[in-house]
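# fold the following and give me the result.
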Amino acid sequence: MRPALIVAFALAGATPVAAAETRPDETALRYYVAQRQPERVAAEAERLARRFPGWTPPADLWTAAPGAEDEEGFWDLLNAGRLDALRKALAERARTEPGWTPSGALAGALARRQLREEVRGLAKAGRWSDLAALADQRRPEIEAGGAEVAWSAAEALARTDRAAEAIALFAQALATPGASADDRRAGLLRALPLLPMAEIDRLGAQIPADDLVPIRIDLIRARLSAVLHDEAGQAVAPADLAAFQAYAEAAPDPDQPALVAWYAFKRSDLPEALSWFKRAIARGGDAMVAHGLALTLLRLGLRREAEDVAYAWREPLVNNALLFIDILERDLTQATPPAIEPARLRRYAEVTAMTASGEGAQALAWYAYNTCQFDAALAWFRRAVAWFPKEATVYGYALALQRAGQQRAFVDLVNRYDGLFPRVVGLLFSARSERPSPCDAPASRPAEPVVRGMYLDLGGRPDAVRAERGGRVPQPDALDAPAAPLVRRSDFPVAVTPENDLRAAPTGNPLALFVPVPSRAAGRLPTTARRVPGVGLMPYERYGFSLLPAWTGATGPSVPSAAERPAPLGSLWSAMQAVPADPPASRDVVATGAILSLGKPLP
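Numbering: from 1, shown residues only. Below you'll find the model as predicted:
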């Protein structure tokens, strides 16, 4: 049979080669057992134990079905991983020797190897659903196919939302008799990014504590991440935190100090977070690290430093551009805004125009309006309404239109947002704005000498008295006369196109010249607004007028309105409202130019 076997290998284009597996390959060991060569079995076992510390011979080593004596070449191909050549050799052997079949040991080893290759290929390609289906179809073979096969199948189950089955398979693989400490550690590390930390703790309880010492830092890192992701019942012990801080201090990459920084930020230990964020930036931290640095500076009350950091890192991460817009927005929208340098205003306007930020545009518009720059206010309000037409922005745009004397555009705007923005409609039903401009303050009169009488001057100058008191006494016959209406019938309600007709492209956009203009709706336009769920009472409803029913069938206003309701507990908005808007600056934190030197220079 030996010549036939050599011919089969020659036809398959194969030459026996020695295997060099990265993990223990017991194929040769089982072959020597099948050949009943205890000396070679002992030598091979000693070699594997020396090469892979902690490895022990399998329990079924001497009880497995033996292979044939003339299958040595087949085993060599199997050890080398040349499965295609092995299949050709087996097919050629079966063709030249009718009735021949490989031994049970060889067939089983080949099936296990094929399963391992198939599992490895599916995992490498990220085909987790297919791998999970394979695990369902061949669960006994998966469980007996070795640690790597079991880990890959468990990962597929975890990634397809079958955590309970994944945990059971991981636990079974860790409890396999004869598994070495390295195997158990590798299995636990494989499960680390896939399972909640509480399940990792349960799996780790199966492993002796001494065996977990080499991966202590990995476990602490995972626990820190679990705390940052708000996993229930997770806390980092002070000793573990100190150990990871020492590791992060010596680590060259920025991710380790950044993790410590985010953990300190989570605990509101802001000076500690600032120190670690600076370390991470100095070691090449990315834009997300800079985002954490800016947030920490903002929470410490160092608003200008936070603004500079967010601006310097605005391009790599959109979060920083948004934060930059938000930081200065509070100052820009004050009724009496502080003086802001022209360079800061210009860079704020550039970022706003480039990102088409409705929040930034309305902030610039309010600043211009409250500093009597009405032309600039009108232009920025127009862009703000085009990008983000919220109530405060449309209200400001209406004020700017009134100030500019554009009555027709003002009336159209109010009618367009009838039923949606009560404050905007209220401008037609009130004699003066809810938000008077500082530019409306009366001009100061020069002091004039007052002529005093000997005892009491009851006369005085009539025009001076009128200027001081401002009011006029009504005629008694005019008390019963009807008051002149504040709203003219030609102004409200009137039919207007319901769609916002303002469009503005960001600066630098190649399609800026091709901004689409909405087409006007065909047919007769309504003059009565439909009620919107979440919107409060419209100004004219107190006079007995009503709106059409909402799409939900509601006929009355929402009380309280959606804007007046508190943020739902557990939402991001609720968490942001719990943070003080303007905390006092800590005296033990020194803001230096070193922060800016790590990013990009300011203009």
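# for Ala294, give its distance to Ile325.
As judged by CB to CB, to the nearest Å, Ala294 and Ile325 stand 12 Å apart. Quick note: C-beta positions are derived from backbone N, CA and C, even for glycine.
# residues in contact with the residue nearest to Glu315 when sequence neighbours are not counted?
Counting by CB to CB, 6 or more residues apart in numbering, Glu315 lies nearest to Ala321, which is 7.6 Å off, once chain neighbours are set aside. The contact partners of Ala321, taken as CB atoms under 8 Å, 6 or more residues apart in numbering, are 310, 314-315, 351, 355, 357.
# just the buried residues out of those residues, in ChimeraX syntax.
Isolation of the buried members of those (16 or more other CB atoms under 10 Å) is achieved in ChimeraX through the command below:
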select :310,314,351,355,357
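# tell me which two of the contacts of Ala321 sit farthest apart.
Glu315 and Ser357 (14.4 Å; CB to CB).
# need the contact list for Thr528.
Residues in contact with Thr528, defined by CB under 8 Å, 6+ apart, are 493, 547-548.
# from Lys124, how far out is Gly396?
Summarising the geometry, the distance separating Gly396 from Lys124, computed by CB to CB, is 57 Å.
# also Trp262?
Trp262 sits at a distance of 32 Å from Lys124 (criterion: CB to CB).
# do Asp418 as well
Applying CB to CB, one obtains 60 Å for the distance of Asp418 from Lys124.
# so between those two, which is more surrounded?
For Asp418 versus Lys124, neighbours defined as other CB atoms under 10 Å are more numerous around Asp418 (25 against 9).
# flag the shaky bits of this protein, pLDDT-wise.
1-23, 34, 59-60, 62-72, 431-438, 440-472, 478-486, 509-523, 573, 576-603 (pLDDT under 70).
# spell out which residues make up each domain of it.
According to automatic domain parsing, the chain is divided into the following domains: 1-124, 374-439+485-514, 530-560.
# how about those in TSV, adding distance to Arg223?
Compiled in TSV, these are given as follows (distance: least, CB to CB, whole Å):
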stretch	distance to Arg223
domain 1-124	26
domain 374-439+485-514	41
domain 530-560	42
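# nearest residue to the most centrally placed residue in the chain other than its sequence neighbours?
With distances taken as CA atoms, centre = their mean, Asn319 lies nearest the centre of the chain, 9.2 Å away. With CB to CB, 6+ apart as the measure, His291 is the residue that lies nearest to Asn319, at 5.1 Å, once sequence neighbours are left out.
# out of the contacts of Thr528, the closest to Pro140 would be?
Each of those was scored against Pro140 by CB to CB, and Leu548 proved nearest at 66.8 Å.
# before we move on, back to that, what separation do you get for the residue nearest to Glu315 and Ile327?
When Ala321 is compared with Ile327 (using CB to CB), they lie 11 Å apart.
# with Gly204 instead?
Taken as CB to CB, the span from Gly204 to Ile327 is 43 Å.
# on that earlier part again, nearest to Leu224, of the domains of the chain?
Taking CB to CB, domain 1-124 is the member of the domains of the chain nearest to Leu224, at 27.2 Å.
# can you pull out the helices in the stretch 201-350 of the chain?
Remark: helices assigned in the stretch 201-350 of the chain by DSSP state H, counting those that start in this stretch are 216-228, 238-250, 255-266, 270-282, 287-299, 303-312, 318-332, 342-355.
# apologies, that question was intended for the stretch 401-550 of the chain.
Assigned by DSSP H, counting those that start in this stretch, the helices in the stretch 401-550 of the chain fall at 407-416, 422-426, 462-469.
# which strands and helices sit next to the second one?
When you say that, I think you mean helix 422-426. Packing contacts for helix 422-426, counted by 3 or more CB pairs under 8 Å, 6 or more residues apart in numbering; DSSP states H and E, involve helix 391-404, helix 407-416.
# now those helices in a markdown table, with mean neighbour count and distance to Ala280?
Supplementary listing: the helices and strands packed on helix 422-426 in a markdown table, determined by neighbours: other CB atoms under 10 Å; distance: least, CB to CB, whole Å:
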| stretch | mean neighbour count | distance to Ala280 |
| --- | --- | --- |
| helix 391-404 | 22 | 37 |
| helix 407-416 | 19 | 48 |
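# pipe the ones you listed into CSV and attach distance to Glu305 per row.
Below are these laid out as CSV (distance: least, CB to CB, whole Å):
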stretch, distance to Glu305
helix 391-404, 28
helix 407-416, 40
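# nearest to Pro568, of those helices?
Checking these against Pro568 by CB to CB gives helix 391-404 as the closest, at 20.5 Å.
# how distant is the closest one from the center of its chain?
Averaged C-alpha coordinates place helix 391-404 at 34 Å from its chain's average position (CA atoms, centre = their mean, to the nearest Å).
# same check on stretch 316-335?
Averaging C-alpha coordinates over stretch 316-335 and over its chain gives two centres that are 18 Å apart (CA atoms, centre = their mean).
# which positions within that stretch qualify as buried?
Residues of stretch 316-335 classed as buried by neighbour count (16+ other CB under 10 Å): 317, 319-329, 331-333.
# same question, stretch 187-199
Buried residues in stretch 187-199, counting neighbours by 16+ other CB under 10 Å, are found at 187-188, 190-192, 194-197, 199.
# using PDB, list the CA coordinates for stretch 315-323.
Written as PDB, here are the backbone C-alpha positions of stretch 315-323 (Å, rounded to 0.1, in the frame of the first residue of the first chain):
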ATOM      1  CA  GLU A 315     -13.100  70.100  12.100                       C
ATOM      2  CA  PRO A 316     -12.100  66.500  13.100                       C
ATOM      3  CA  LEU A 317     -15.200  66.100  15.300                       C
ATOM      4  CA  VAL A 318     -18.600  67.700  14.800                       C
ATOM      5  CA  ASN A 319     -19.300  67.500  18.500                       C
ATOM      6  CA  ASN A 320     -16.600  70.200  19.000                       C
ATOM      7  CA  ALA A 321     -18.100  72.500  16.400                       C
ATOM      8  CA  LEU A 322     -21.500  72.100  18.200                       C
ATOM      9  CA  LEU A 323     -19.900  72.800  21.600                       C
END
